[in-house]
Each structure stands twice: as structure tokens, then as C-alpha cells.
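Q: Task: produce atomic coordinates for the following.
(4 chains)
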Number of protein chains: 2
Amino acid sequence: MARRAGVDTSTASRALAGDARHRMSEATRARVLSAARKLGYRPNLLARALRTARSNSLGIVVPQLDNPVYAQMISGAEAAARERGYALLIVHVGEAESGVTAIERLTRTNHVDGLLVSSFDHESVLAPALRHAKVPSVVLNRRAAGVANCVSLDTRRAARKAVAHLLELGHRRIAHLTGRPGGAGTRDRIAGYRGALESAGVGFDPRLVAAAGFSAEGGERAMRAVLRSARPRPTAVFVATLLAAAGALKALRAARIAVPGDISIVTLHDSIIAEVLDPPMTTVRLPTRRMGYEAARGLVDLIEGRARRVARVLAPLELVVRGSAAPPHA
Amino acid sequence: MARRAGVDTSTASRALAGDARHRMSEATRARVLSAARKLGYRPNLLARALRTARSNSLGIVVPQLDNPVYAQMISGAEAAARERGYALLIVHVGEAESGVTAIERLTRTNHVDGLLVSSFDHESVLAPALRHAKVPSVVLNRRAAGVANCVSLDTRRAARKAVAHLLELGHRRIAHLTGRPGGAGTRDRIAGYRGALESAGVGFDPRLVAAAGFSAEGGERAMRAVLRSARPRPTAVFVATLLAAAGALKALRAARIAVPGDISIVTLHDSIIAEVLDPPMTTVRLPTRRMGYEAARGLVDLIEGRARRVARVLAPLELVVRGSAAPPHA
DNA sequence: CTACTTTACGTTAACGTTAACGTCAATATG
DNA sequence: CATATTGACGTTAACGTTAACGTAAAGTAG
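A: Numbers count the residues shown, from 1 in each chain, chains lettered A, B, ... in the order given. All right, here's what the predicted structure looks like:
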């Protein structure tokens, strides 16, 4: 016990707490602090956690690590957690583990003080698991029934912005390659797409919408399907994600359709990949990193009782104009 | 204390340890185990950690999260850690924090049992920090003086393989855009490049080598520099990383040089990005995820005394032939 | 059948921290 | 001046776990 060296016993705890609830003389406090500094004292977080039943750690559950979207989320969450003095335990649930067992493990065994969840598991199984955990949780970008706390991106407005850009360029026949059928994001994207079309007086044609998933292969397949079945051929496509857009690009190139000459593309979720594509991709940049940051910040607020609820939809969406969208042929 | 319900006191600890060093009757062991199962007993890792001075957690220090290389490494390390019953604490050191303070924090405050380190910090500062930490550590892909335990990729052989592919296609004048000048990876890449050239009887021309860093911009700049100064113009380029190769591609496109028609490109580090480029990039795939996996596994072996040293160079390098390299013009 | 060994498990203490309580002296109140 | 009040800090116990020690019962040897 490093403290004894300089001064007395566990009065040190009070001094180091710094809290105003403990009244004590400035003199002893100063003595303790200087001794602590001199001895290089570091509190043992394990012991503190055991005593206070608070581990000062957060758990984050993500379905993938090597997808830039999740990497950015984690990066933001890690920054916020560190700023507030929390460690971040990352669990990556793939085939090996379900989000539910990950939540169990984090709370029961690792004693995290709060959970950030962005698993693909279905809401109906996730929501009860989160309620059953006795720690607060914030869900990332999955607004859903039974989920109290959530930080999301305004996918609907992002979709609207992307499609509005195509409309402003003069496109009228705009296809949409969306994500997983039935997903919450898919609903939002379609709503934004449809809203933008309708407020420009363009009718909604369900044959121009295809599910692409989030992979390049999915985008390629969906693009081929649209080319095959949509008559007349669209002059522009709004694609759900960058990877899928890259796939769509491939399909168009294979069909000898020039981008943006014959068909324009706009997509969501900016990343370095957008810049290295040919042509560089016009995208709507979403504040993914900030979503992670705000979610972790909100979670800490919940844990420390500064907030009762976290429900934010992050707005600043920026259209990044590169080379994949241009006015349609005259 | 859940155990009392079914049986006696801390004999349970012995039963649950399962260790053969504790001799006890099968009957009581079975009774304890079944009671534990019935009550859903989960050991409190914090209390155990405090008592045993072992936290069953590893720390990993990485310079970036949104680079696919690090994401893959972390993904592998997480898998190995989980298999062995360890949690993984990820610290991402950017501008805000140096790797040294991260190491300090992980060991002194979070009491991790071992460290995985892949920071950009200079070896001369990192090695003493690791020695000073009293827990074992494994360095990822930074073989360096003073570093005892390391798992790396065989960058030299990978470079050799990439260049050999170009030589086999018939190229003789091959440029090399490498990483940070002075880096260990840079040395290995140049050695492999030079080795391949020399065993094909092609002379090494330092004017064909340029430092590109690891970014797309760096690759673009380096490619332009080579095009400007190398006479006669090379017919192929070997680039250190995928992002830099994408940049080089951009520079070539801007100069109206066809790939692979006029200049071929081969690079290292496969990822989804390679597939979505135009043309899709021929790369040498490195076992990055496995590097993370093996490093974490080796670290646990060090911690648990099953190994005294971890020093592996991972070999399985696979040439992934896509469309960016072809025979030179006749 | 006594004396020593082994087996099986209960008891105790400790890991480092902090909440709760206790004590003593200084100050305030009548 | 006696008593009540407060401020400052020491003492104690507890968080849940396990290593070390203790002890009773069963087994073994002479």
C-alpha cells in the first residue's frame, strides 16, 4: 500500500477521490496527492471494481471488425470511453457466438457497467436480453421496438439527400439497390428514396428497387437484375452502401455501360474506398464515428445517472461529390 | 454466495477449478457442479483477478482501427483470446496517446496479463517500455532489436513473390513504391525486391525505388515521381500496400497510362478493396488475421508458462492473380 | 491395536479498495 | 464553563475469490 509511505491509511482514498462530499483539510489532501505522485501510485481498478461493484468498463458487441463502418464506430466509442475513464471490451460476434451470449458474458463475467450493441441478431431476441442485463445499454443504429436507448444515423434523410442530388442533376428514372430485405435501414432508405422522388413529382416504381445486401457481390447481382428487368433502363442508381456500389460499378462495367456517362451512382457511407474507385464515388458521408462516440458518452451518462434516456438521431450528413454522378444524356 | 445453497463453502472453488492438483471425491465435485449449473453460477472475474493477481485479459495496442490490416489483426487476436478464456482490451493510440502510456495504463491500471503491441512508436522507446512492464508481450510484425517475442509476416518473401510474378510475365524494368523510409517493412520489401531481380539476372536500379508511405496520396505522389524521373519508363510497379497501389493507379490513369496494358501493378495485403478497383488488383495475400491469432495464442502460452519465447514468421503467402498485371508490350 | 500417513474438506486470511461507523479535538451554543 | 455540534481522520468490515493451513476421519504399517 503505497500511500502509507507518505502519509496515513485510507484517508488517502478520500483525498484521491477528490469528491467534494468528503470534507477534509487542504493540507492533508495535498500531502496525499504529492506522495501519490512521488510513488507513482496507480489505483488497482480490480479491487475498486470489487468493492464498488462498478468496473469502469463498457462492452461493445459488433458483428464484424473488418468493415469500415464498425471500425469507425468502435474508434469513436473507444475515444469517448477513454475520455470518461472507462475501458472498452470489444466482442465480435460472428458465427461462433450470438449477441445474446456475448451480452451475458460481458455482464455476468466481465461485469461491464454498460453495453453498446450493434449486433445483427434479431431485435426480438436482443431486446429481452438487454432488459435482462441489469446494466444500461445503448443500441447503435437499430431503432426497434423494446429498445429504450439508441443512437442512430438519419438514414432516411441521408437517402433523401442522395436521391435529391440525382434529381437535381436532372435524373428522373432512378433505381435503388438497398440492403437486407426487412431490415430497419432498408425501410428508412426506401422511405427517403420515395420521399425525394415524390416531392420532385416523380412516381415510385417498385420494379426499380432491388435488395443487394451489403456486399460487393450483392451489389453486382442486384445491379444486373435491375438492368435485366427495368425498362426503360434507369439513368441513375442510389446504392445502400459503398461496397455494394463498388459491385454495381463492376456490373455496369461488364455491361459496357459508362459511369457516369450512361448511368450515375450515388451511395451512402463515405470511406477511403470511395476515393480509390474508378470513377471516385459520390457519397453521402454519415457520422459513423460520432455515432460510436455519442453512444458511449450517452451510455456513461446513463451509468452515472446524468441521463435517464439516450435517444439521438445524428444529423450532419454531408454530400461528397466525386465523379460517379453527372447529368443524364440529353 | 451461490454455492452454499447447494453445498458447502469454498470447496466449491476446488471443484470448479477442475484441476487435478486438488484431490477430492467425485461425489462432492458432481454435487457442486450440478448446483452451480442449477443456480447459473458465474465466477466473478474481478474477485478472482484480485485474489490471484491474474486478470485473464490481454491488451492490444494498435495505431489505427479503420485500416483493414489492423482490423484483421484484432479480429484474429480476439478469436484466440476468447478461445483461451481471455478478454481483449483494445487501445487505439493515435495523436492523443503514445504507445508507451497505453502500455503503462494497460498494465498498471487494467492489470492485463499480457500485451500485444503494434504501435508505430519507434522501437527504441517501445522496447524499454515493454521490458519495464512486468507482463509478457508479443510484438506484431515489427521485428526489432530488444524485442524478444514477435510474430511477423514474411514481408521479404512476399515482396519476392510479387516481383517474381512480374518477372515471369516478362517484365525487366520494375519500379518499387515502398513504405516509410527506414521502417523494418521497407527494408524487407526492398530486400525481397532486390533478391528477386538479382536471381533473374536483372540489375537493381535505386532510381526505380520511391517511398510512398501507406496512403493513397503517398502512392499517387510516388508514382508520379517515378514516371517523371525514371528513363526508360518501367513496365511494371511493385507497390507496398493496397491503398498506395490504388493511389498509383490513379496517377497512371491521370497520365493516360493503361493498366495493365502499359504498366502492370502488383501489391501486398489482400482485402475487399483489391476486388473493387479497376482493374482488380493482383496482390500477394498475407495472413494478417492469423498473425493476430498466433500472436495472442503465443502470448497466452507465455503467460501460462507453456512457452518461453514466441518468434514466428508466418509463411503462407498466396498470389492472388486479378487483372492488374499482364505481360509487357512486345 | 497403537502410531503414523493420507484423503477430503472446512477455516482463515488476504488481494486493494472504499462505505460506514467511531473517536477525538476544536468550535459553537446556552 | 458545561454541553452540543461539527470537522477531520482513523478503524473496521466487506466485495468474491482462492492459497495456505488445520483437522477429523479413513487407511496403512509395525
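Q: Close to DNA strand D: what parts of chain A are there?
A: The interface of chain A toward DNA strand D, taken as CB under 7 Å from any atom of the strand, is made up of A:7-11, A:23-25, A:27-29, A:47, A:50-51, A:53. Heads up, the C-betas are built off the backbone N, CA and C, glycines and all.
Q: These: which two are farthest apart?
A: Greatest spatial distance in the residues of chain A next to DNA strand D: A:Ala27 and A:Ala53, 32.6 Å, computed using CB to CB.
Q: quick one: which of these two has more around it?
A: It is A:Ala53, of A:Ala27 and A:Ala53, that has more neighbours when counted by other CB atoms under 10 Å in any protein chain shown, with 11 against 8.
Q: tally of neighbours for the nearest residue to the more buried one once chain neighbours are set aside?
A: Nearest residue to A:Ala53 in three dimensions, chain neighbours excluded: A:His111, at 7.8 Å (CB to CB, 6 or more residues apart in numbering or on different chains). A count of nearby residues for A:His111, using other CB under 10 Å, gives 21.
Q: A:His111: what secondary structure?
A: The three-state label given to A:His111 by DSSP: H, G, I helix; E, B strand; the rest coil is coil.
Q: DNA strand C contacts on chain A?
A: So chain A meets DNA strand C at A:1-3, A:10, A:13, A:16-17, A:41-44, A:47-48, A:50-52 (CB under 7 Å from any atom of the strand).
Q: Could you identify the most distant pair in those residues?
A: Using CB to CB, the residues of chain A next to DNA strand C span at most 19.6 Å, a distance reached by A:Ala2 and A:Thr52.
Q: Please work out the average pLDDT along stretch A:124-138.
A: Mean pLDDT, computed over stretch A:124-138, is 88.
Q: and if you look at stretch A:69-86?
A: Per-residue scores along stretch A:69-86 average to 92.
Q: Quick one: residues in contact with it.
A: The contact list for stretch A:69-86, computed with CB atoms under 8 Å, 6 or more residues apart in numbering or on different chains, reads A:56-58, A:60, A:62-65, A:87-88, A:90, A:113, A:116, A:118, A:140, A:241, A:269, A:271, A:288-297, A:300, B:65-66, B:71, B:90-92, B:96-97.
Q: any idea how far it is from the chain center?
A: 11 Å (CA atoms, centre = their mean, to the nearest Å).
Q: Which residue does the stretch 201-330 of chain A have closest to DNA strand D?
A: A:Ile303 (18.7 Å; CB to the nearest atom of the strand).
Q: Tell me who's in contact with that residue.
A: Contacts of A:Ile303 were listed using CB under 8 Å, 6+ apart, and they are A:Arg54, A:Asp113, A:Gly114, A:Val135, A:Pro136.
Q: low pLDDT regions in the stretch 151-300 of chain A?
A: Residues of the stretch 151-300 of chain A meeting the criterion pLDDT under 70: none.
Q: That one: helices as residue ranges?
A: Using DSSP state H, counting those that start in this stretch, the helices of the stretch 151-300 of chain A run over A:155-168, A:184-199, A:216-229, A:242-254, A:272-276, A:288-303.
Q: Okay, buried residues for the second one please.
A: Judged by neighbour count (16 or more other CB atoms under 10 Å in any protein chain shown), helix A:184-199 contains these buried residues: A:Ala184, A:Gly185, A:Thr186, A:Asp188, A:Arg189, A:Ile190, A:Gly192, A:Tyr193, A:Arg194, A:Gly195, A:Ala196, A:Leu197.
Q: quick one, what contacts the last one?
A: Contact analysis of A:Leu197 by CB under 8 Å, 6+ apart lists A:Val163, A:Leu167, A:Ile174, A:Gly203, A:Phe204.
Q: and if we set it to 6 Å?
A: A:Phe204 (CB atoms under 6 Å, 6 or more residues apart in numbering or on different chains).
Q: how many other residues sit next to the closest residue to A:Arg173 other than its chain neighbours?
A: Of all residues not flanking A:Arg173 in the chain, A:Pro234 sits nearest, at 4.6 Å (CB to CB, 6+ apart). Neighbour count of A:Pro234, defined by other CB under 10 Å: 22.
Q: Closest one of the residues of chain A next to DNA strand C to B:Ala129?
A: Closest approach to B:Ala129 among the residues of chain A next to DNA strand C (CB to CB): A:Arg42, at 15.2 Å.
Q: Please report the distance of the residue lying closest to that closest one once chain neighbours are set aside from A:Gly40.
A: Nearest non-adjacent residue to A:Arg42, counting by CB to CB, 6+ apart: B:Arg108, 4.3 Å away. Distance, B:Arg108 to A:Gly40, using CB to CB, to the nearest Å: 8 Å.
Q: For the two, work out which one has more neighbours and name it.
A: More neighbours surround B:Arg108 than the other of B:Arg108 and A:Gly40, with 17 against 9 (other CB under 10 Å).
Q: would you say that one is within a helix?
A: Yes - in this structure, B:Arg108 lies within a helix as judged by three-state DSSP.
Q: Could you verify my assumption that it touches A:Pro43?
A: No - using CB atoms under 6 Å, B:Arg108 makes no contact with A:Pro43, being 9.3 Å away.
Q: picking that back up, could the buried residues of helix A:184-199 go into a markdown table alongside distance to A:Leu249?
A: Conversion of the buried residues of helix A:184-199 to a markdown table gives the following (distance: CB to CB, whole Å):
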| residue | distance to A:Leu249 |
| --- | --- |
| A:Ala184 | 26 |
| A:Gly185 | 21 |
| A:Thr186 | 21 |
| A:Asp188 | 24 |
| A:Arg189 | 19 |
| A:Ile190 | 22 |
| A:Gly192 | 22 |
| A:Tyr193 | 19 |
| A:Arg194 | 24 |
| A:Gly195 | 26 |
| A:Ala196 | 22 |
| A:Leu197 | 23 |
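Q: Dump the helices of the stretch 151-300 of chain A into JSON lines; add distance to B:Ala158 as well.
A: Putting those into JSON lines (distance: least, CB to CB, whole Å) gives the following:
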{"stretch": "helix A:155-168", "distance to B:Ala158": "39"}
{"stretch": "helix A:184-199", "distance to B:Ala158": "38"}
{"stretch": "helix A:216-229", "distance to B:Ala158": "24"}
{"stretch": "helix A:242-254", "distance to B:Ala158": "25"}
{"stretch": "helix A:272-276", "distance to B:Ala158": "21"}
{"stretch": "helix A:288-303", "distance to B:Ala158": "31"}
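Q: could you point out which element follows the host helix or strand of A:Val125?
A: Per DSSP states H and E, A:Val125 falls inside helix A:123-132. Using DSSP H and E, the helix or strand that follows helix A:123-132 in sequence is strand A:137-140.
Q: Let me see the residues that make contact with that following strand.
A: So strand A:137-140 is in contact with A:Leu115, A:Leu116, A:Val117, A:Ser118, A:Leu130, A:Val147, A:Asn149, A:Cys150, A:Ala295, A:Gly298, A:Leu299, A:Val310, going by CB under 6 Å, 6+ apart.
Q: Give the burial count for the residue in the stretch 201-330 of chain A that DNA strand C sits nearest to, as a bare number.
A: Relative to DNA strand C, the nearest point of the stretch 201-330 of chain A is A:Glu304 (12.9 Å; CB to the nearest atom of the strand). A:Glu304: 13 surrounding residues under other CB under 10 Å.
Q: same check, this time on A:Thr28
A: A:Thr28: 15 neighbours (other CB under 10 Å).
Q: For A:Arg48, see how far away it is.
A: Taking CB to CB, one finds A:Thr28 at 21 Å from A:Arg48.
Q: A:Ile272 too?
A: In terms of CB to CB, A:Ile272 sits 40 Å off from A:Arg48.
Q: same thing with A:Ala175?
A: Distance from A:Ala175 to A:Arg48, by CB to CB: 57 Å.
Q: and the two? which has more neighbours close in?
A: A:Ala175 (26 against 16).
Q: quick revisit: just put the contacts of A:Ile303 in a markdown table and tack on neighbour count.
A: Shown next, in a markdown table, are the contacts of A:Ile303 (neighbours: other CB atoms under 10 Å in any protein chain shown):
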| residue | neighbour count |
| --- | --- |
| A:Arg54 | 16 |
| A:Asp113 | 21 |
| A:Gly114 | 28 |
| A:Val135 | 20 |
| A:Pro136 | 24 |
